[in-house]
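J.: Take a look and give me a structure for this.
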Amino acid sequence: MDTTRSLRFHLGLPKNFWGECILSATHIINFLPMKNLEWKSPYEKLFGKPPAYQDLKVIDHLCFAANLGISDKFEPRATKCVLLGYTFGLKGYKLYDLHNKKIFL
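T.: Predicted coordinates:
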């Protein structure tokens, strides 16, 4: 919970994003090496290979998600979003659409 609290305070997210902070903190902690695991990460102990650190992104940064259903060539091709965290079981990220105020994968 300390990591979650620190993450939320550092990012300046409102309290209604506490669940996203917990999931992101858990994901990050599972990638970190730990002394009691012989300096291996929980991910490495579980799957037998080191995690892909290049997939980690900075949370709460502006990003753009591609609009796949564009019917008009003058429509925007991307949506302005904020990266909230990581998805479980899918290769992708959890984004918050700043215009529609919705979370999507």
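J.: Which strand or helix spans residue 103?
T.: If you go by DSSP states H and E, residue 103 is part of strand 102-104.
J.: Then residue 81?
T.: Following DSSP H and E, one finds residue 81 within strand 78-86.
J.: and that strand, which strands flank it?
T.: strand 62-66 (antiparallel), strand 93-97 (antiparallel) (DSSP bridges).
J.: Sort out which residues of the lowest-mean-pLDDT helix or strand in the chain are buried, please.
T.: Sorting the helices and strands of the chain by mean pLDDT, DSSP states H and E puts helix 2-11 at the bottom, at a mean of 84. Going by neighbour count (16 or more other C-beta atoms under 10 Å), the buried part of helix 2-11 is 4, 7, 8, 11. Every residue, glycine included, has its C-beta placed from N, CA and C.
J.: now for it, which elements pack on it?
T.: Packing partners of helix 2-11 (3 or more C-beta pairs under 8 Å, 6 or more residues apart in numbering; DSSP states H and E): helix 18-31.
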